[in-house]
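Undergrad: my questions concern the predicted model and sequence given below.
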Amino acid sequence: MEFDVLGRLRVTDGDRLLDLPGGKARALLAVLLCHPNEAVSRDRLLDALWPAGPPRTAADNLRVHVSHLRRALAEPNRIVARQPGYALQVAPAELTTHRFTTLLADGRAALATDPARASHLLTSALSLWRGPAYADLDLPLLRAEAARLTELRLAALEDRIEADLALARHTQLAAELPALLAEHPLRERFHAQLMLALYHQGRQAEALATYRDLRRDLAEELGIDPSPPLRELHQRILTGDLAAPAPRHLPADLADFTGRAAELTGLLTSTAPPVCAIDGMAGIGKTSLAVHTAHRLAPHYPGAHLYLDLHGHTAGHQPAEPAAALGALLRALGIPGDRVPADLAGRAARWRHELAGQRALILLDNAASAAQVRPLLPGNPDCLVLITSRRRLVDLEAAHVLSLDVLPPADAIALFTAVAGAHRADAEPAAVAEVLRHCGHLPLAIRIAAARLRSRPAWTVEYLAQRLHAGELRELGGSVSAALTLSVQHLAPAGQRLFRLLGLHPGVTFDRYLAAAATDLSVAEAEELLEDLVDAHLLQQPRIGRYRCHDLVRDHTVRLAGQTPDQAAHTRVLDHYLHTAAAAMDVLLPHESRYRPALPAPTTPPTLTSYDQAMTWLDTERETLLAIAHAHPDRALPLSAVLWHYLHLRGHQDDALDLHTRALDQAESADEQCRSLNYLALAAIRLNRFETGLGWLHRSLALAGENSPHRGHTLHHLGLACFQLGDIPRARLYLGECLALTRESGQHYYRGHVLHRLGLACAAAGDHEEADACLEEALALARDHGYRDLEPEVRNGLGETARDRADPVRAAGHFRQALRIATETGDRDQQARAHNGLGHANRELGRPAEAARHWRLALAIYSALAVSEADLVRHHLTLLPDTAGQPPPVIHQTAPDQPI
């Protein structure tokens, strides 16, 4: 039985919700739950039930209410008469409040050494809350207890956010915390956490604004200042001396990890080489052991903690190429995408360089072969590398190989008991042995079977064994399939359907919106089904809002989906991803929407309204979107058209080359070929492969007809390539021809971008009069047509040309305007460009401290965007003199737009 007050008061017996009486009988149960197993005096109960004063019949009424409660609970001995009143007899495990406080304590204990486990435990604790404590009861005697529980809930939320900060989940936290601050505007820890999340995203100005808002509110409402720790954090953000924490990417540890004592001891005390390869059959517990070992050893490795799934045996995925895996690992270390070398040898060398001198811990999960893993080894004996694979990697040089067998009987019994509960397992030892035999002593199968028993109080272990022994389960050929099928059969029909449709998902992790699209249900209905699958151990929840299948479960869903094809559901899944990707791009770059393909809208798309939400969705779903292009070639063309600017902005040029190549293979018309060739060229140019990029552009130019819109795009990109190569005359020629086409076609938005680039080319050639004319015309277009994303780009161009003509005051005015508008529109690239320009202007005006401040802001944004401009800004900072103690000079402003 479970007594739950974290929301409306409810009592459940197994999976059955008890029908409790209302009124004072319900209030009586709540009061007794405030003091479990303690006698609450009759006088106190009477005062609680009749706050205005008990009637003459109150004592008799109290006995009636006790009788009603006993009948509702169906266990007369639950409420016993004990002097001086009554007591509710309940085990700690039957109280949701006890489960909550236990998870809270365990999460806090893990916070300092294992933030991933802390986040998982605290998330589990918070998930127990369904609403305010005692939500349906308002009694004076309950208010203090409700307030205490509410404060614990907020503290758990703060600790969970602290763990997520340690895990560098800054984007998610920056989206979550503003709503919490709106609800708790004076809670300083939420403010500090938002400041840190914003700062580590490169949003220093917004972090400082958060502090200013709190300081104002505290002064106006309470007449006090922020606390000293918050003031210190503000000062450190102001000076930019907060270092980003070392990455902590290990998955959460299993709270009930059981067995493998000999293997674990060997791993923890080994003096073998610092590379250990753990192998065994699917479902044997390789990843669980590796993750548990990593968490136990983590305190000895203060450097980076990295995790990467190599997809050696993942349905629908090819094993990760070593070059792609190294790219992911380097990005996990914070290396910008444009600074990741293009070839395997270069990436391996950079990987070894970054880990030299570090004591890092790397977990490479699900490896396909030694050849896949070998380039990923850091070559630093102070680093620990744990590898899991279904293959025995005996040919991996200098690696300690640990092969796992099925669990021995004692460990298998311990695991089953830990999941199912000792009171069930200890009562039927022979039946437990039979269940374990049917499960093949395989940990995954044992967990699923034991969880099914735990969720079915009416079942005996013998009945579970009989179900596993049933003929239809043997036909599936294997204990894992038997356990999975058994678990699926006991889902509601809607849950069974969702489980089958998950086999259509082309990626690894997914969210509730995908489930809603696949099933054609509402998001709330889909989420409820997902949670049922999590409870049945058919799904994992690696973090809030994200789900994934274990490899074996994934294989099973793929088989089920193949047995009962559902083309309509498959189409909904693919349409969901394409449409949501396009919607995200519409938020990031709204004026480019006319160039994106029209896509059917799903019935339940996620709501993406802000820059951060859109970018977070694209970052999270990037691998799935690319997997769709691999598995469904006919979707490569629209995906290429939707994602090209995102991949370009984020520095994922390898992915861009792969996607656009697939799109080109599918392109039939000249327009489709031109589009793909232009996207390929942009990716190549970003990687400094100018010869390749120019070849694609000339091929596109030959294909484009005189009236093709892609002729103008191709000329624009040819001009961009020549500008970057320093061939200014040819750049002007191409851009000038492109400009003429945009004037003929009336493409005002596109013309503004071409004028901006042509203005910069003219300035580079020393033709400042023509440069000003181009940029001023572009600015007029932006203002006249409301192109808010174009205006900061042009303003920055005007600032750069003014700076080239030694007019730093006028330049600063334009940069300020660009920064203001780019901040309003959320254009991070132009914000960084404006900060960079203000750094140059302030240095030339004799304000080195201000120059350093703006360059640090530019560097933070460029680093977050993973673009090569970060290196240039970093170089500018190294050339600045020491500015400590130097007040900025007074500047007499002459720029027309805005003071410095």
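TA: Perfect, I can see it now.

Undergrad: after the helix or strand where Ala182 lies, next one along is what?
TA: Applying DSSP states H and E as the criterion places Ala182 in helix 170-183. Counting by DSSP H and E, the next helix or strand C-terminal to helix 170-183 is helix 188-199.

Undergrad: can you give me the angle the helix or strand following that following helix makes with helix 170-183?
TA: Following helix 188-199 in sequence order, the next helix or strand is helix 204-221 (DSSP H and E). For helix 204-221 against helix 170-183, the angle by axes from the mean of the first three to the mean of the last three C-alpha atoms, to 10 degrees is 20 degrees.

Undergrad: residues making contact with helix 204-221?
TA: With C-beta atoms under 8 Å, 6 or more residues apart in numbering as the test, helix 204-221 has contacts from 185-186, 188, 191, 194-196, 198-199, 224-226, 230, 233-234, 237-238, 240, 823, 856-857, 860. Every C-beta, even on glycine, is put in place using the N, C-alpha and C of the backbone.

Undergrad: which positions in the following helix or strand past it come out as buried?
TA: Using DSSP H and E, the helix or strand that follows helix 204-221 towards the C-terminus is helix 228-239. Residues 230, 233-234, 237 are the ones in helix 228-239 that count as buried (16 or more other C-beta atoms under 10 Å).

Undergrad: now these as TSV including pLDDT and distance to Thr571?
TA: Output for the buried residues of helix 228-239, formatted as TSV (pLDDT from 0 to 100; distance: C-beta to C-beta, whole Å):
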residue	pLDDT	distance to Thr571
Leu230	93	52
Leu233	92	50
His234	93	52
Ile237	91	48
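
Undergrad: could those residues go into TSV alongside distance to Arg743?
TA: As requested, the buried residues of helix 228-239 are exported to TSV (distance: C-beta to C-beta, whole Å):
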residue	distance to Arg743
Leu230	55
Leu233	53
His234	51
Ile237	47
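
Undergrad: for those residues, which one is nearest Ala414?
TA: Lowest distance from Ala414 to the buried residues of helix 228-239 (C-beta to C-beta) belongs to Leu233, with 45.8 Å.

Undergrad: doesn't Ala192 make contact with the closest one?
TA: Yes. In this structure, Leu233 is within contact of Ala192 by C-beta atoms under 8 Å, at 5.6 Å.

Undergrad: rewinding a little: now, of the contacts of helix 204-221, which are buried?
TA: Buried members of the contacts of helix 204-221, counted by 16+ other C-beta under 10 Å: 191, 194-196, 198-199, 226, 230, 233-234, 237, 823, 856-857, 860.

Undergrad: OK, contacts around Leu790?
TA: If you count contacts by C-beta under 8 Å, 6+ apart, Leu790 has them with 591, 749, 752-753, 756, 778, 781-782.

Undergrad: hmm, try it at 10 Å
TA: By C-beta atoms under 10 Å, 6 or more residues apart in numbering, the residues touching Leu790 are 591, 748-753, 755-756, 778-779, 781-783, 821, 825, 827, 830.

Undergrad: about what we covered before: who touches both of Leu233 and Ala192?
TA: 207, 211, 226-227.

Undergrad: helices or strands up against the helix or strand where Ala771 lies?
TA: In this assignment (DSSP H and E), Ala771 forms part of helix 768-785. For helix 768-785, the elements it packs on are helix 728-745, helix 748-764, helix 790-804, helix 808-825, judged by 3 or more C-beta pairs under 10 Å, 6 or more residues apart in numbering; DSSP states H and E.

Undergrad: thank you kindly, that will do.
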